[in-house]
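Colleague: Build the 3D model from these lines:
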Amino acid sequence: MEVTKTMEKEIKVEIVARETIKPSSPTPHHLRNYNLSLRDQHAAFHYISVAFYYSTPTSIGGGESVEMVGLISERLKVSLSETLTRFYQLAGRLRDYLLVDCNDDGVDFVEARVINNFHLSNFLDEPKLKVIDHLAPPEPTDYYKSPLLLVQVNFFPCNGVVVTVRMAHKFADGFSFGIFIKGWSDIALGSPDTIVPDFNAASSRFPPRDDIPIISLTFKNITQKVFKKRFVIDALKIASLKADTEIES
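Modeller: Below is the predicted model:
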């Protein structure tokens, strides 16, 4: 075990397991090469991240909670493996700025524990956005050899779990990211209505070009200040929005 991250003397995260998750079924040979669309070709080399926060029925620490942690981690891994059979490109590697080699090399899955008395509820009440980065796998530096998807599951000692997901922007935008998360959550929850993704952008809507220069832009080259904003919508407002949407439909 190793303590890998310390942030502002408030949070200490210990990595307890690292694993490569591969598709539950091998990708067919005829799907081995996935052409990037023209929009993907122009996308920057960086990863987009989303963190999901959950409460757990018991605190992490006792025998019962250890079993619960194991169940959560195993369900996430099994459902992720099943999801990768539908989003098979994510288990591959970028070959160049033209295509993804869908070789089933897999995605990174990290399990971590917050080992000091850091309460998730306190962070959600007064969030420090830097904490999110410390609960996520580090962004790779070699984009051609690294997984297109990275997951870190963080178990807090005070009834909290944070699942942070990073996806290569070269493969997907925010909308596509959301479709993947919806598909993964459906499979994890055993929903019969799982998403069937459409990967025809390169062939029908945004055909790739092989005569454009290799694009190597990353956001690490940006020197201007970046501002972040946080929007909070409580559960009652979300329920009201859902009700209004159902009425309109």
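
Colleague: all helices of this structure, in order?
Modeller: 38-41, 63-84, 120-125, 130-134, 174-188, 235-248 (DSSP state H).

Colleague: could these be laid out in CSV, adding distance to Thr194?
Modeller: For glycine as for every other residue, the C-beta is placed from the backbone atoms N, C-alpha and C. Output for those, formatted as CSV (distance: least, Cβ to Cβ, whole Å):
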stretch, distance to Thr194
helix 38-41, 24
helix 63-84, 9
helix 120-125, 29
helix 130-134, 28
helix 174-188, 5
helix 235-248, 21
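
Colleague: right, so of those, which gets closest to His30?
Modeller: For these, proximity to His30 was assessed by Cβ to Cβ; helix 63-84 is nearest, at 17.6 Å.

Colleague: Tell me which other helices or strands the closest one touches.
Modeller: strand 11-21, strand 107-114, strand 149-156, helix 174-188 (3 or more Cβ pairs under 8 Å, 6 or more residues apart in numbering; DSSP states H and E).

Colleague: Please work out which of the ones you listed is packed deepest.
Modeller: strand 149-156 (a mean of 24; mean count of other Cβ atoms under 10 Å).

Colleague: Mind putting the helices and strands packed on helix 63-84 into TSV with mean pLDDT and distance to Ile195?
Modeller: As requested, the helices and strands packed on helix 63-84 are arranged in TSV below (pLDDT from 0 to 100; distance: least, Cβ to Cβ, whole Å):
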stretch	mean pLDDT	distance to Ile195
strand 11-21	91	18
strand 107-114	94	18
strand 149-156	94	16
helix 174-188	91	4
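
Colleague: circling back to that earlier point, quick one: closest of the helices of the chain to Ala17.
Modeller: helix 63-84 (7.9 Å).

Colleague: In the closest one, which of the residues would be classed as buried?
Modeller: 65, 68-69, 72-73, 76-77, 79-84 (16 or more other Cβ atoms under 10 Å).

Colleague: what does stretch 82-101 give?
Modeller: Under 16+ other Cβ under 10 Å, the buried positions of stretch 82-101 are 82-94, 97-101.

Colleague: How far off centre is it?
Modeller: 14 Å (Cα atoms, centre = their mean, to the nearest Å).

Colleague: Could you check the pLDDT of Leu189?
Modeller: pLDDT for Leu189: 90.

Colleague: Ramachandran coordinates for it?
Modeller: phi -90, psi 0 (degrees, to the nearest 10).

Colleague: So what's the residue count around it?
Modeller: The burial count assigned to Leu189 is 10, neighbours taken as other Cβ atoms under 10 Å.
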